Every structure is written in C-alpha cells, then in structure tokens.
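Asks: I'll drop the sequence and a predicted model, then ask my questions.
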Amino acid sequence: MTSPADYDDNNIFAKILRGEIPSHRVYEDERTIAFMDVMPQAPGHVLVLPKAPSRNLLDADPATLTHAISVVQKIANAVKDVFDADGVFIAQFNESAAGQTVFHLHFHVIPRHEGVALKPHSGKMEDGAVLAANAEKIRAVLA
Ligand code: 5GP
C-alpha cells in the first residue's frame, strides 16, 4: 500500500508549491492551490492540488480529500462558464500503471465540448501567453 513515506518532496508540484517553479495560478486557499496544466488536454485544463503532501489519493488524509473535491467543484463550474463547455472531465491517476506522472496528489479539471477529442495526456507544451490569458479569465469568474 502507498504510504506517506513514499512522498518525494522533489517532485515538480512540490517545487511549484514552494514557489521554486512558476505556475499560472487560478485559485489558492489555506489547504489547496489550482493552476493551469502546462500541457493542456483542452483549453482551460486546470490542476487542483491539496497543499498537504501525499503521493496520490491512496495515501491522502480523507479530510484533505473532502476539501479538495469541493475546490474541484468550484473550478469545474468556473471553467465550464469561461470556456462555454458542454461538460467537464475530472481525472485523477494513482501510480504509473494508472497514468500518474507527477507524484503529488492532483485532480485534472478539463472543459469538454461535444465532438471535440481530448488532446493526449502530457502531450504538447502550451504557449505561456495562452496559459496566462486563460488563467486570468478563470480568476475573473472566481473573484
Ligand atoms: P499526472 O499524469 O501525474 O496525472 O499528470 C501530471 C500533469 O502535470 C500532466 O497533465 C502534465 O501536463 C502536467 N505537468 C507536468 N509538468 C508540469 C509543470 O511543470 N507545470 C504544470 N503546471 N503542469 C505540469
């Protein structure tokens, strides 16, 4: 079973949380942050992370999960509005076998439009200006 001891605090999201690497943040509270995925599977792809270190859902504190999912809901409604989406895809991967590539718990929040395929997971890096503009639009509806 995954345990908190398996958490590596040199993962890229731990560095973002410590401010060592920049991100396009859309939301932050005491326990959670949300920022744009640099390789979005659709415009408006946001990642929601509890600040508490856990490798993934398997070793997370249930109270942390409870708060995080409420933030996922908030961000899902925001991106649905901003990107005029038909639906919102929520994804969360646990361990490499399930597709996880960064080992700090996070939820993907991805606006979906009828008939538009998702781009590949961890595919192509988006232009920073596009991410910044999308983050600004999301922050505006959350304000
Ligand atoms: P996972 O496969 O672990 O569920 O997803 C990790 C996600 O993090 C991928 O969608 C990938 O595009 C994204 N990602 C990887 N490196 C960075 C980074 O440095 N900054 C941001 N904002 N996203 C990243």
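Replies: Yep, that arrived. Numbers count the residues shown, from 1 in each chain.
Asks: in stretch 107-115, what counts as buried?
Replies: With burial defined by 16 or more other C-beta atoms under 10 Å, the residues of stretch 107-115 counted as buried are 107, 108, 109, 110, 111, 112. In this view, the C-beta of every residue, glycine as well, is placed from N, C-alpha and C.
Asks: nearest residue to the second one other than its sequence neighbours?
Replies: Among residues not flanking residue 108 along the chain, residue 91 sits closest, at 4.1 Å (C-beta to C-beta, 6 or more residues apart in numbering).
Asks: about what we covered before: let's see which of the buried residues of stretch 107-115 end up in strands.
Replies: If you go by DSSP state E, the buried residues of stretch 107-115 have 107, 108, 109, 110, 111, 112 in strands.
Asks: ok, so of these, who is nearest residue 47?
Replies: Distance to residue 47, by C-beta to C-beta, is smallest for residue 108 among those, at 6.2 Å.
Asks: any idea how far the ligand is from that closest one?
Replies: Here the criterion is C-beta to the nearest ligand atom, to the nearest Å. By it, residue 108 lies 6 Å from the ligand.
Asks: likewise residue 43?
Replies: Separation of residue 43 from the ligand (C-beta to the nearest ligand atom): 14 Å.
Asks: tell me the secondary structure for that residue?
Replies: The three-state assignment at residue 43 reads coil, by DSSP: H, G, I helix; E, B strand; the rest coil.
Asks: surely it meets residue 134?
Replies: Yes: with contact defined as C-beta atoms under 8 Å, residue 43 and residue 134 form a contacting pair (6.2 Å).
Asks: the residue nearest the centre of the chain bridge partners, please.
Replies: Centroid-nearest residue in the chain, with C-alpha atoms, centre = their mean: residue 47, separated by 0.8 Å. Judged by DSSP bridges, the bridge partners of residue 47 are residue 35, residue 108.
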